[in-house]
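> Generate coordinates for the sequence data below:
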Amino acid sequence: MGSMSPLHWLIVLLVVLLVFGPKRLSSLGKGLGEGIRSFREGISGDTERQDDKAIQKDKPTDQSSSS
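The predicted model follows:
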């Protein structure tokens, strides 16, 4: 009675999928992942790394090769 079997988890997953739908569920997962990531970075004080990533996203990549 204390633990859930794989069948119970499957039923819970199906109910959540029916309630939220696949598009909403993926956006909830993405938001949850970003929240956890920012929480971990806030705990560790790793804000410089996050700023570096934002700067790299803004810079265009130069993939032209000189021949």
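
> and the longest helix seen in the chain, what does it pack onto?
When every helix of the chain is counted residue by residue (DSSP state H), the longest turns out to be helix 22-44. With contacts defined as 3 or more Cβ pairs under 8 Å, 6 or more residues apart in numbering; DSSP states H and E, the packing partners of helix 22-44 are helix 6-20, helix 47-58. The C-beta positions use only the backbone N, C-alpha and C, and glycine is treated the same way.

> among those helices, which gets the worst mean confidence?
Looking at these, the lowest mean pLDDT belongs to helix 47-58 (a mean of 62).

> Settle this for me: residue 25 is touching residue 16, isn't it.
Yes: in terms of Cβ atoms under 8 Å, residue 25 counts as a neighbour of residue 16; the distance is 6.9 Å.

> Need the overlap of contacts for these two.
Residues touching both residue 25 and residue 16 (Cβ atoms under 8 Å, 6 or more residues apart in numbering): none.

> per-residue confidence averaged over the longest helix of the chain?
The model assigns helix 22-44 a mean pLDDT of 90.

> Can you mark which positions in it are buried?
When burial is assessed from 16 or more other Cβ atoms under 10 Å, helix 22-44 yields no buried residues.
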